[in-house]
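1. Sequence plus the predicted model coming up.
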Amino acid sequence: MALKMAYETWGEGPHPLLLLHGFTGNRSAFDHLRPLMGDKVRAISVDLPGHGQTPLPTRTGRDGFLETIDALFQVLDEVGVARASLLGYSQGARFALAAAMTRPERFERLIMESGSPGLHRRQHRTERRVSDAQLAAHIRQKGVASFVAYWESLPLFAGLRKLPVEQQEAIRARRNECTAEGLIGALECLGLAVQPDYWPELQRQRLPTLLLTGVLDNKFTQIARRMAAELPVVWRRSFEECTHAPHLEVPEEYAREVISFLQTPWYEAPQFENPASDKSSAGGHG
């Protein structure tokens with residue numbers, strides 16, 4: 001039986017927008033953006049496999065990753081959306097890119113927040129596979145709560161530790177809703193080690209693309225710069241004083257950037273040169 005994703009819709013705007021959360025999240029991860037974006041978008045927010053109410057793929061490894069991509073198209077079919085824009089965060093950004101590369105005719109625009117096109121070298125894949133196995137062992141041996149505490153302590157999420165206490169607690173509660181089986185399976189089926197390498201194919205990705213990162217997240221900001229040099233139609237924005245999750249750290253600024261990008265008109269992608277705008281503190285599509 002094919003993988004079936006849980007999802008919900010919100011918003012009454014003219015722009016269909018498929019929302020893909022990060023590792024340890026679920027479809028409620030973007031709920032705080034509803035009052036900021038609900039009149040501009042019709043959001044379709046999914047639970048990725050192993051998270052929320054979506055089971056793990058029926059297949060393992062790379063086949064599970066590709067099965068997840070197919071399930072995203074099924075969601076669009078179920079809600080009756082022929083073409084949508086994509087917004088993915090971290091793990092979700094990888095799926096957003098993969099979906100856009102697989103069936104670009106189903107999408108209008110692509111937004112990747114703190115995402116990567118994959119690992120190009122075999123050594124890096126091996127290292128990531130070992131790292132993911134260690135995370136899975138932590139979850140298996142010490143449980144979800146212990147893993148979440150470790151996950152939140154990473155420098156990658158330093159910006160979240162500056163949020164109001166009640167907001168931090170809400171994010172932690174959402175993460176603690178994950179099951180050990182789901183998180184372990186997600187690492188094994190959806191992780192960067194099994195994701196196809198899309199670096200060599202970026203030049204054929206013709207959708208207008210917005211790359212979002214936090215200035216303090218140097219790793220993913222550098223990845224975004226490299227991607228901007230390859231993508232034919234691309235803009236880039238890095239948010240000041242942010243780490244890995246600008247959608248949580250500066251939601252008002254983030255929502256303005258996303259809406260501006262979705263509303264900006266342009267001609268068909270083949271008519272563009274590569275603008276590769278490097279906007280570290282201001283939007284580039286107004």
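-> Yep, it's here.
2. Tell me which stretches of the stretch 51-200 of the chain form helices.
-> For the stretch 51-200 of the chain, applying DSSP state H, counting those that start in this stretch gives helices covering 61-78, 91-102, 122-142, 144-152, 165-176, 180-190.
3. Could you say which of the ones you listed is packed most deeply?
-> helix 91-102 (a mean of 24; mean count of other C-beta atoms under 10 Å). C-beta: built from backbone N, CA, C; applies to glycine.
4. CA atoms only for it - export them in CSV, please.
-> Only the C-alpha atoms of helix 91-102 are listed here, as CSV (Å, rounded to 0.1, in the frame of the first residue of the first chain):
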residue,chain,number,x,y,z
GLN,A,91,14.6,18.3,6.1
GLY,A,92,11.5,19.7,4.5
ALA,A,93,13.6,21.9,2.2
ARG,A,94,15.3,18.8,0.8
PHE,A,95,11.9,17.3,0.0
ALA,A,96,10.7,20.6,-1.6
LEU,A,97,13.7,20.6,-3.9
ALA,A,98,13.3,16.9,-4.7
ALA,A,99,9.6,17.4,-5.6
ALA,A,100,10.4,20.4,-7.7
MET,A,101,13.1,18.4,-9.6
THR,A,102,10.8,15.4,-10.0
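5. Could you export the helices of the stretch 51-200 of the chain to a markdown table, including columns for distance to Pro55 and mean pLDDT?
-> Putting the helices of the stretch 51-200 of the chain into a markdown table (distance: least, C-beta to C-beta, whole Å; pLDDT from 0 to 100) gives the following:
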| stretch | distance to Pro55 | mean pLDDT |
| --- | --- | --- |
| helix 61-78 | 10 | 94 |
| helix 91-102 | 16 | 96 |
| helix 122-142 | 17 | 93 |
| helix 144-152 | 17 | 97 |
| helix 165-176 | 18 | 97 |
| helix 180-190 | 8 | 93 |
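6. what residue ranges in the chain score low on pLDDT?
-> Scanning the chain for pLDDT under 70 picks out 1, 267-286.
7. Just confirm Pro196 contacts Ala98, I think it does.
-> Yes - under the criterion of C-beta atoms under 8 Å, Pro196 is in contact with Ala98, at a separation of 7.0 Å.
8. From Leu48, how far off is the residue nearest to Asp63 when sequence neighbours are not counted?
-> Once flanking residues are discounted, Asp63 sits nearest to Pro57: 7.5 Å by C-beta to C-beta, 6 or more residues apart in numbering. Per C-beta to C-beta, to the nearest Å, Pro57 is found 10 Å from Leu48.
9. which residues do these two both contact?
-> Contact criterion C-beta atoms under 8 Å, 6 or more residues apart in numbering; residues shared by Pro57 and Leu48: 68, 190.
10. So which of these two has more stuff around it?
-> With neighbours defined as other C-beta atoms under 10 Å, Pro57 and Leu48 compare such that Leu48 has more, 27 against 24.
11. for the more buried one, helix, strand, or coil?
-> coil (DSSP: H, G, I helix; E, B strand; the rest coil).
12. distance of it from Glu166?
-> Relative to Glu166, Leu48 is positioned 26 Å away (C-beta to C-beta).
13. same deal with Thr179?
-> With distances taken as C-beta to C-beta, Thr179 is found 25 Å from Glu166.
14. With Val75 instead?
-> 31 Å.
15. Ok, Asp217 next?
-> 24 Å.
16. Around the nearest residue to Pro246 once chain neighbours are set aside, count how many other residues there are.
-> Counting by C-beta to C-beta, 6+ apart, Pro246 lies nearest to Phe239, which is 4.4 Å off, once chain neighbours are set aside. If you count neighbours by other C-beta under 10 Å, Phe239 ends up with 24.
17. next one: phi and psi at Phe239?
-> Main-chain dihedrals, Phe239, degrees, to the nearest 10: phi -90, psi 130.
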